[in-house]
Structures are given as structure tokens and as C-alpha cells.
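Novice: Need coordinates for the below:
(chains A and B)
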Amino acid sequence: MESVYDALMARGMSRRDFFRFCTAMAATLGLPAQASAQVAQALQAKPRVPVIWRSFQECTCCSESLIRASHPLVADIILDLISLDYHEVLMAAAGHQAEGAARQTLEKYAGRYVLAVEGSIPTRDEAYCTIGGRSALDILREEAETAMAVIAYGNCASWGCVQSSRPNPTGASGIAKLLPGKTVIQVPGCPPIGEVMAALLVHLITFERPPELDVLGRPKAFYGKRVHDTCVRRAYFDAGLFAESFDDYGYRHGWCLYKLGCRGPSTYNACALVRWNGGVSYPIQSGHPCLGCAERGFWDQAPFYVQTVGAPAGAVGRNPDTVGTVAVGVAAAAAVAHAGATAVRSLVEARGGRPQPGGAGGARDEGKEG
Amino acid sequence: MAERIVVDPVTRIEGHLRIEAVVETGRVVDAYSSGTMVRGLELILPGRDPRDAWALAQRICGVCTTVHALTSIRAVEDALDIRVPPNANLVRNIMAAALMIHDHVVHFYHLHAMDWVDVLSALKADPAAASRLAQSISSWPRSSMGYFRDVQKRLADFAAGGQLGPFTNGYWGHPGYRLPPEANLMAVAHYLEALEWQKEIVKIHAVFGGKNPHPNYLVGGVPVSLDPNDPSAVNAERLAMVGSLIQQAQEVVDQLYVPDVLAIAGFYKDERWGGGLGNYLAYGDLPRTDIREPESYLLPRGAVLDRNLDEVHEVDPKDPEQVREYVTHSWYRYDDGDDKALHPFEGQTQFHHTGPRPPYRQLDTSGKYSWIKSPRWRDVPMEVGPLARLMVAYASGREDVRAVVDDALARLKLPREALFSTLGRTLARALETKLVAGWLGGFYRQLVANIKAGDLITVNHERWDPSSWPARAEGVGTTEAPRGALGHWIRIENGKIAHYQAVVPTTWNGSPRDAAGRRGAFEAAMLDNPVRVSDQPLEILRTIHSFDPCLACSVHVVDPAGSTHVRVRAF
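Specialist: Below you'll find the predicted structure:
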């Protein structure tokens, strides 16, 4: 098999561009500068990693997001970085030839392929999602069994997303709880940011193991901070300047959207850092509060236009210094609350879960919770 | 002897579709279309704040990622009697038009082209001849011999590496492929170029909606502030970015997409099969003024029956006699019997799976066999989508549409009747994209002119507060999604959603038979298709893909009472 490097050279990339690419990838992954050499070395030596990409109960927004990635470009990902052997939306084959492609990979590359999953699994009745006459759960379990890594792309695969919200008619579940003992890398978001999806693949190819994960199985590089922490409107929050409605003076001048229901203070994602669509913008920047789409059970934390995390009462018009102190206090309280929640989950895992390989947490999702 | 051909999964579509076709002496004599996944979104909407509906409804589909939000917003605004400001109408049109262009181009190059283009044949092409071919059909700059040689080398190295990735197990070498190697090479090069471009045009959604997929919407307007001088608003710099993205999109459509479709169609133009129903429905969209003024739509509303382009029937989505759905052959049941048809305001969705348990080899098509319902218009099965829109516009006498359609037919030396085919559907999509790309430029110029004149209003906030709403209200939102007529029906009671139902394009096109045994558009369009190689039903894929199926949308679920009727099965 040719290496990723060979593939990139074959498509006309210069050696200089190759190293520039590796440096950019290392930076995207949040790795120290010297790691770019490691990325370069790995891509020069390793064959393209086969990827089986499964779609279950989903809307395809995750696949669409992946192909919006600018770093690396989508063609580089699906043609050069990986070998995308099964992907219902993009593959040429259909029917039994398509399923045959997945089977070939399963047999030929046992223990060496990546299973990427988009969509949740119905647990109430297998007939709610079948492919090739087989149930989603059957396919998931078989293909996860011998995978080198399993990725839950998007909120659906991570914890069920919209179809698992009240009253969850199909019993939709994230995949981790259906794969006991298996590390599942959770990349939540509805959808996740394309660059984040791509960077995770590069990490797996380079280091042959998942990046450092938090207790919910999310890569820390992208889910270690709240949207609020790096928000472009953060200064207005600290100054106590809030838009009160979508058409008022503050709204028009970029003030904080906290009072319009923004979930930025309780949402862990890289939106404000990486931004969307090649860094053009992200929801809060453009003028809509964060919906919290990377969080578990966020659909049931509606209504969306009502603030759910306590804002500093009557902050507008006060001395910004005072309000800033109050605001920081609130943010800190939210962080503590989150840490508390994750600590509880750790405890649950310690009691019932098995140790995870490589020190990486891996997701042990107890499914839809809210 | 008859043979049953099963294609499951149908790939290069959104969602999960299964086709079972009965083939006899190389022709399809009967066909069944089955959606094999259900999520239940419409059971989830009741009880929630109508102002949130767009966000949930948007997750019906991440491919046509914006139209469900827009349709939902329109339904709520119709129910609550909210008129949006002119700037909001323009921004919504810009986003919808950008989506349509994105969706159609991606559909052609990445989901459909491999039905017409033999990728591996491109390895045999002469790059110099490919260059001459490309230059003869368009002024697209990347068309030198060296460029095509590089693309060919990339493909050759890819194939030689032994890992064919997404091209594994394709029907390469199938006798149904007719393009010379040079045209195949040109198409492969454009596959890659379109893949890189598609991430650009959606930046328009990022500017106005914060992200793509799933940009943000707002009841009463759009969640953006317009101000040429404010660094945090959609200002002069942001508008310039949108302007250049529009210009780039127009170049891709005019110099890449339309010439490629015409060139490829030239090689297949004597294949006229796949026309199907010949009944076309469009709700219409892209209002110049307001969605409540259908006369201002750039894509007109109406229905055409039996391929008769001399008559257009009026369409009213609120009329209980017009849009109605059957579940006779769908895995749902109705309280008053499964042979009835219900208008969406009265619609029910109660899961009732009676099919074979997985793993299974064949469906029982004499009973229920799909998660898709069967909508009918005045009890007639209809096709929706780009061809339907163009036929309704053509029959309505729209000069701009007629000019584009007649010009393309003249270039291909084809009669108008040739449009009623698989190829016609693909051609119509390209021609529609050309029209929409032009209109997109107009919306943009109008928005800039409004801002220049000092109109910065984007939101009508009068009925934002639920206390201003009536105790009970009903509304319909309609759009033309890239795949066709889309409607959401909502009832609001005491500030909450009481009932919600969507009838989406692929429900129309992909529906199973109704109570009278009438086929939906997919099933009808497959009849009489040739199947040259029974293990490689390329022609069936070609016809199905010409509709651009989108299955996540079409598998339904609403329950008017908000109660669930779900069979629980532990495993």
C-alpha cells in the first residue's frame, strides 16, 4: 500500500507544502510545534487508514460538515489521507456491492480500520433502522468489534440528539452504551465542525491512538473550553452589556446574547476558536444565541430563547467593573457545576465501568438522559 | 422469467432507501420503493415553544440544511400572522438560493455523475483530447493538457495503490456507460473541483446564519444585524464576501455545471426512459415581496397533469381536498382505517411495523412495506422537484424559464417531450440552477440597495411575546426545497405546538402505493427501464438518483394528540 505521503506527492503536492500541511495539522490538533515532525513522519510511512463510515438514524449533517473542512481539504481527506471504503453518501457502489465493500475491509483490515458512526441507534424496535435488510445495532456491533478505533461523530451518535429528545419515540441511543468495553471517541455537535472531524482522523493516523479525551470521551483539544470562554462577545458579558431583544441597540452593536437564551456558558465546543466554514463565523458572532448543540440532552433544555443559566440580575447599566466581577463569579459557578456533574459520572464509571485503554477516558454513555 | 432485483442500500443519496424491482427480459416490469429508517421528529415537536420549532424541524435534514428551518418559520409566522421585513425576506431568499445552487451542483457531481461517468475509463483518456473537449464546451480556465494529465496521474496512482476508497465496487466497465474516456476524465477533474468549491458557497450561510450545516433562523425575521459601519454586524466587508461568493457560484454554474450536463446529455440523448408519472406539483418559492403573495414568486405555484403544458391547476396547501396522505402500504396506522387519506392538519402518525424482522431478504410488498407515507394531490400521485418546478413555470408561461429550457433543447436538438425522462430530470436541475444563480445576484443587489437607502431592519418583533398570540392558531409553511415541494403544517394552542406535520419532497416521490394501488413517482419512473446487467442495475440507479432522494426527511411522524402509539419491543 502506498503511504499518505506518496498519495499527496502523487497529486502534485510539493515537499515544502507537505511539511506546511503537517505543521497546520499539528496546530489544529493543539499539539506543540515539535509534533509537526511526528505528523510528517507518520504520514510519510503509513498506508491510508481504511474507514468504514456508517449512517444510522441521522440527517447527514455530519457528513456534510466533514466535506466543508478547509484544513485539510475534503478531497485530501477522502482520497489521500484515508481510504473511505464505505460511506453511503459518497461511495460509487450500491446494494450488495456496497455492503461487500464494507465486508472486504472488515476481513482484510481487521484491527486496522476506523469505524466512524453518524446517527443514533433505535433500541425500541430493530425495524426502525435497517440497511441491506440488517438492523443498525447488528451492523454497529459487528463492525465495532474489530475496529482500531470507533468514532461517534455528531450529537446523534454521541448521545442520541433530536430523535432521542422527549418522548424519544424510537428509543434512540448514542452508540457508546451499546458497545460495552469499547472506547468510543465522542465528537458531539449538531453537526461537529468539519475541521475538528478531520483533525481527529489525522490524529488517529499519526499516533494510532485516540487524542486525549475527557471523562465524556471528547477530545480535550476541542471540547476542553466552553464557547463562552473564548466568545467574541465575551467582553460585553463581562461589562454587563446585554442585548435585550433581537432588534435593540445592543443587539445591533454586538453585545452579549446571554439574555436571549445563549447556551455558550454551558456548552463545551470549539466554535469560537475554530469557527465555522473556514473560519468565517459562528452562531453567536452572526447574531443568534448558542443552542448548545454539542451538549447532551440540549433539545430538552428548551425553550431556547429563555436564559437557563443565571445571568447577573439587573446588570445592565451598572459599573462594568462590579458587573464583571459578578459575571466571572457566575461563570466560575457554572464551571464548578459542570465539574460536579462530570465527577458524578466518573464515580458511576468507577463503580460499573471497566478501565479504559491508554488513559483515555472513552465514552461510557448511559444514553439519553433528559 | 421474472427476477427480483434488490438494491439496498441505495447509495449516493441522503438516508436509507431500498428498491425492489421485478425484471423480465431485460426490462423493469414492476418496482417498489421503501424507506427503511424512521426517527419520529413530528412526535417530538408537540408541547414545545413554536419559536423553537425551526431548530428541531431543521434537523429533519442536514443536506437541504436550511429549508426545513425556513418552512417551519413560515408555518409559525402564518399561524401567528407575522409579516417579516423586506430585508429578512431577501436574506432568506439569498440563503435558500445559495442552498439550491450548492445542493444541485453537489448532487450532479458527487451523487449522480457516476451513473453517467465511468471513473476508471478516465485512465485511458488522452489528456490533450480532454483539454480540447473541455475548451470546446466552456471557457472554464482549468482546462489545459497539463492539468488533465495531472488529474489522470492522481487517479492512476490512486487506483494503483490498491485502495479504491469510495470508488470500490462501482459498476465500472458497464455497457450502459457511453462517454469517451476524455469526457470521463473531464468529469473526474470537475468532481474534484466541485468538491472544493462546495465548501465556499455555504460561507454565505455562515455570514447570515452563523454556520453550515444547520444555520440559524428566527421567527419574525433573520438573526443578523445589518450595519455597513459596525465591525460586529453584516457590514461592508461581509457583504463584499457574499458578493464575491455569489459571483464565484455563477461562474461554476455557467462554465462548469451547465456545460458539463449538456455535454454528457449529448451522449445519452436517445435514452428517453424514466419519465414516470407526468404529473408535476410545485408550491412555488423565492417571493420578491412576501411569502403570502404567491404572484410574486420567481418559482411559480401550480400543478401540471398528464404532461399537459397547456394547463396549470391552482394549488392550495390549506385545502383539505388537495394534499392528503395514505398509509395503506406504510408502516403506520390511522384510527379510522388505513385506506383513508388525511390532510396534514388532521394527519396521524402511529408506528405500525408489519414487515419482516431483520435480517430479511425480501419485503412483503402486498402489505405495508415502507416508512414513507403516500401523499396525493387531489388523489393523484405527483412528482416534485426541479423538473416539476420548471414544467409548472413553463406551463405558467414564464418567459425566463421558457427561454432557458427552449435554448437547452435546441442545443441538444431534442423535442420538448424529451424532458419527461430520467435525463430530463437531470437537465432540468442544471437549468434551474442557472436561473436561480441569476436571481441570487438580484436578491443580493436589492439587499445592498436597501442598506444603502438606510433600511437596516431585519426583525419584526411585534408578536415575539407569546402573550400576544391567540389561544389557537393554524398555519402552513411552504418552500421549494432543492428536491421539491415542501410543506409544514402547525397548530398552536395556548402558546405551545399542539400538532405538527411535514410532507416533504421525497415523501411525494418515494411513496409506496396508495389505497388504490397507484404507484409513487420512483416506482412509476422505473417501469420499462432497461436493465442490461442484472447484477449491476445501473439504469435503476440512474433513474432513482435523477430525483435526488432525501430519505431522512420523508420518513414521518406526527401525532395530533401528542400521545404516542409506539409498539415496544425489547431485544
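Novice: Let me know how buried residue B:1 is, in neighbour terms.
Specialist: Residue B:1 sits with 5 neighbouring residues when counted by other C-beta atoms under 10 Å in any protein chain shown. From N, CA and C alone the C-beta is placed, and that goes for glycine too.
Novice: Look up how far residue B:364 lies from it.
Specialist: Noted for residue B:1: a distance of 21 Å to residue B:364, by C-beta to C-beta, to the nearest Å.
Novice: same check, this time on residue B:17
Specialist: Counting by C-beta to C-beta, the gap from residue B:17 to residue B:364 is 18 Å.
Novice: Could you check which of these two has the larger neighbour count?
Specialist: Per other C-beta under 10 Å, whichever of residue B:17 and residue B:364 has more neighbours is residue B:17, with 28 against 11.
Novice: got a list of what the residue most central in space within chain B touches?
Specialist: Compute the mean C-alpha point of chain B, and by C-alpha atoms, centre = their mean the closest residue is residue B:483, 1.8 Å away. By C-beta atoms under 8 Å, 6 or more residues apart in numbering or on different chains, the contact set of residue B:483 is B:64, B:103, B:384-385, B:504-506, B:509, B:547-550, B:553.
Novice: ditto for residue B:219
Specialist: Shown in contact with residue B:219 (C-beta under 8 Å, 6+ apart): B:50-51, B:54, B:73, B:76-77, B:80, B:82, B:464.
Novice: Run a quick neighbour tally on the closest residue to residue A:278 other than its chain neighbours.
Specialist: Distance criterion C-beta to C-beta, 6 or more residues apart in numbering or on different chains; nearest residue to residue A:278, sequence neighbours excluded, is residue A:70 at 4.1 Å. Residues lying near residue A:70 (other C-beta under 10 Å) number 17.
Novice: Is residue A:70 in contact with residue A:195, as I believe?
Specialist: Yes - here residue A:70 reaches residue A:195: they are 6.7 Å apart, a contact under C-beta atoms under 8 Å.
Novice: Look through the stretch 201-350 of chain B and state the residue closest to chain A.
Specialist: Proximity of the stretch 201-350 of chain B to chain A (C-beta to the nearest C-beta) peaks at residue B:232, 2.8 Å away.
Novice: Strands along chain B, start to end?
Specialist: Ranges of strands in chain B, per DSSP state E, are B:3-7, B:17-24, B:27-35, B:280-282, B:285-287, B:297-299, B:302-304, B:323-326, B:341-342, B:374-377, B:472-481, B:484-493, B:496-503.
Novice: Residue A:251 sits in which helix or strand?
Specialist: Using DSSP states H and E, residue A:251 falls within helix A:249-252.
Novice: average model confidence for whatever helix or strand comes next after that helix?
Specialist: Moving toward the C-terminus from helix A:249-252, the next helix or strand (DSSP H and E) is helix A:271-274. Across helix A:271-274, pLDDT averages out at 96.
Novice: The helix or strand harbouring residue A:36: what's the following helix or strand?
Specialist: Using DSSP H and E, residue A:36 sits within helix A:35-45. Proceeding N to C from helix A:35-45, the next assigned helix or strand is strand A:49-55, under DSSP H and E.
Novice: After that following strand, which helix or strand is next? Please name it.
Specialist: Once the chain leaves strand A:49-55, the next helix or strand it forms, by DSSP H and E, is helix A:61-66.
Novice: how far out from the middle of the chain is that next one?
Specialist: Offset of helix A:61-66 from its chain centre (C-alpha atoms, centre = their mean, to the nearest Å): 11 Å.
Novice: hmm, the following helix or strand past it in reach of chain B?
Specialist: Using DSSP H and E, the helix or strand that directly follows helix A:61-66 along the chain is helix A:74-75. Yes - for helix A:74-75, a contact with chain B is found by C-beta under 8 Å from any C-beta of the partner chain, at A:74-75.
Novice: what residue ranges in chain B score low on pLDDT?
Specialist: Within chain B, the stretches with pLDDT under 70 are B:556-571.
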